[in-house]
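**Q** Give me a model of this one.
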Amino acid sequence: MAAGDAPTDPFRRRCPAVHLREYHASLHWDPTSAVAPWNEMGLVLWNLLFLLFTFVSSSWSLNSDGLALLALSKNLILPSSISSSWNASDRTPCEWHGVLCDRNTNVFSLDLSSSEVSGSLGPQIGLLKYLVVINLQNNSISGPIPPELGNCSMLDQLDLSENSLSGEIPESLGNLKKLSSLALYNNSLDGEIPEGLFKNQFLEDVYFHYNNLTGHISSSVGQMTSLRSLWLHGNALSGVLPDSIGNCTKLEDIYLLDNQLSGSLPKSLSLISGLKVFDATGNSLTGEIDFHFENCKLQIFILSFNHLRGEIPSWLGNCSSLTQLAFVNNSFSGHIPASIGLLGNLTYLLLSENSLSGQIPPEIGNCRSLMWLELDSNMLVGSVPKELANLRQLQKLFLFSNFFSGVIPANLGVHSRLLHIDFTSNSFTGGIPPYICSGKRLRVLHLGFNLLTGSIPPGVADCPSLERIRLQNNDLTGPIP
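**A** As a prediction, the model looks like this:
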């Protein structure tokens, strides 16, 4: 066979030794007199075979992301239903439970939410460079959040909520510049919120509630211009709500309740025109409500258990979507604005334990969705508007500890679904409304410490749902049923 001719026998393709002899013959070599060339070609051949073996072996072994996940599972304890699919003999982890890969077999999603995972999250998580989503929510993972998590620079969503994580939030999470959603709620995290997180202009949703976080809300929060949800409630945060919060014009819900915040609410809140929820219950906020919304989108506005003062703003009447309004236990004064009667979607109006004066505006009778009206422990006077009897959804009506007088509306209870009425400690006169239990749902009726006269109506005496009734310190007559 001449040199350069292609071999026709397929066996020759598979047998390098045969091919080598033909190569020698074509050059008229004598192997017994040319040992050096033979040794040189043998070395080349074995190098080629070694490279081939290495390539084949690597095609059978697990890729780097798979190895990182296996290393992660040494400390992150997976239930057998998950670990059984995490097979070291696989080429990639792309078919493993909770794992998704891109077209290049890079792991981009790790979702083990609500999977009974325990143990701790190890530093190996930082080796998964292409992760876009990590969801380990609702498990029993303990220990600290590894700083190496900050190496996952592609992360868009990180959810470690509802676990038993402890320690501080790593500063390295501030390196995750593509992060849009960060959920760490319901853990035992402490320390301050890293400054870098407040500077992330792409973060849209931050859920840090129900931890033990301390420190201030940084003024850098104004750099979070994409922020929609800021949930920080149930921590021990102190200081003021920074004026820079007004730069977060895309905010829709702010939950700050049950912290230790102080100072006044910033006027810059007026700039957040799309704000739907603002709840700062249970802090030490002072001052007046100086902000306002021209085109109000508020649905929930709760400032209970603070030290706020001044008048309840009349602009609240523009908040047509408002369903919950609660200013309990503050120092608000002045009258209840009649504009509240424009709130047709209002279900909760809780203004108790303030220093409100004047009468109940009859316009509140237009709040046809109202289920809970709480005006107790103020300095309100006058009679109860008969329009309140038209509130068909009303279930709880608390007017105790005021200076009300006059007759309780006779139709109260006829059209409503009342469960609980408390008019204790006023100066009501006249009789007990005869149809107050006509809905057959009334459980609690407290009318004590008034000036009521007459007898107990049969409709009250025979009310099948009534569990507790208090009528002491009145001028009632007749037999006790």
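**Q** my read: Leu70 touches Asn87, true?
**A** No. Here Leu70 does not reach Asn87: they are 9.3 Å apart, not a contact under C-beta atoms under 8 Å. Glycine gets a C-beta too; all of them are placed from N, C-alpha and C.
**Q** Tell me where the model's unsure across the protein.
**A** 1-60 (pLDDT under 70).
**Q** The same query, at a cut-off of 50, please.
**A** Scanning the chain for pLDDT under 50 picks out 1-38, 41-59.
**Q** so who does the most centrally placed residue in the chain touch?
**A** Nearest residue to the geometric centre of the chain (C-alpha atoms, centre = their mean): Tyr207, 4.8 Å. Neighbouring residues of Tyr207 by C-beta atoms under 8 Å, 6 or more residues apart in numbering: 161, 182-185, 229, 231.
**Q** In terms of neighbours, single out the busier of Leu70 and Asn87.
**A** Neighbour count, other C-beta atoms under 10 Å: between Leu70 and Asn87, Leu70 has more, with 17 against 13.
**Q** Can you name the element that comes right after the helix or strand hosting the more buried one?
**A** Element membership of Leu70, judged by DSSP states H and E, is helix 64-72. On the C-terminal side of helix 64-72, the closest following helix or strand by DSSP H and E is strand 76-77.
**Q** by contact count, what packs against that following strand?
**A** strand 118-120 (3 or more C-beta pairs under 8 Å, 6 or more residues apart in numbering; DSSP states H and E).
**Q** Quick check: buried residues in the strand it packs on?
**A** Within strand 118-120, the residues scored as buried using 16 or more other C-beta atoms under 10 Å are 119-120.
**Q** Would you mind pulling the contact partners of it?
**A** Applying C-beta under 8 Å, 6+ apart, the set of residues contacting strand 118-120 is 75-77, 139-144.
**Q** Among those, which pair sits farthest apart?
**A** Pairwise distances among the contacts of strand 118-120 were taken by C-beta to C-beta; the largest, 16.4 Å, belongs to Ile77 and Pro144.
**Q** hang on, the earlier thing: which of the contacts of strand 118-120 are buried? Put it as a ChimeraX command.
**A** Selecting the buried subset of the contacts of strand 118-120 in ChimeraX, with 16+ other C-beta under 10 Å as the burial test, is done by:
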select :75,76,139,141,143
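**Q** sorry, back to before: can you redo the contacts of Tyr207 as JSON lines with distance to Glu192?
**A** Listed next are the contacts of Tyr207 as JSON lines, based on distance: C-beta to C-beta, whole Å:
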{"residue": "Ser161", "distance to Glu192": "19"}
{"residue": "Leu182", "distance to Glu192": "15"}
{"residue": "Ala183", "distance to Glu192": "18"}
{"residue": "Leu184", "distance to Glu192": "13"}
{"residue": "Tyr185", "distance to Glu192": "17"}
{"residue": "Ser229", "distance to Glu192": "20"}
{"residue": "Trp231", "distance to Glu192": "17"}
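**Q** so of those residues, which ones are in strands?
**A** Secondary structure from DSSP state E places 182-183, 229, 231 of these in strands.
**Q** Out of these, which end up buried?
**A** Among the ones in strands among the contacts of Tyr207, the ones that count as buried by 16+ other C-beta under 10 Å are 182-183, 229, 231.
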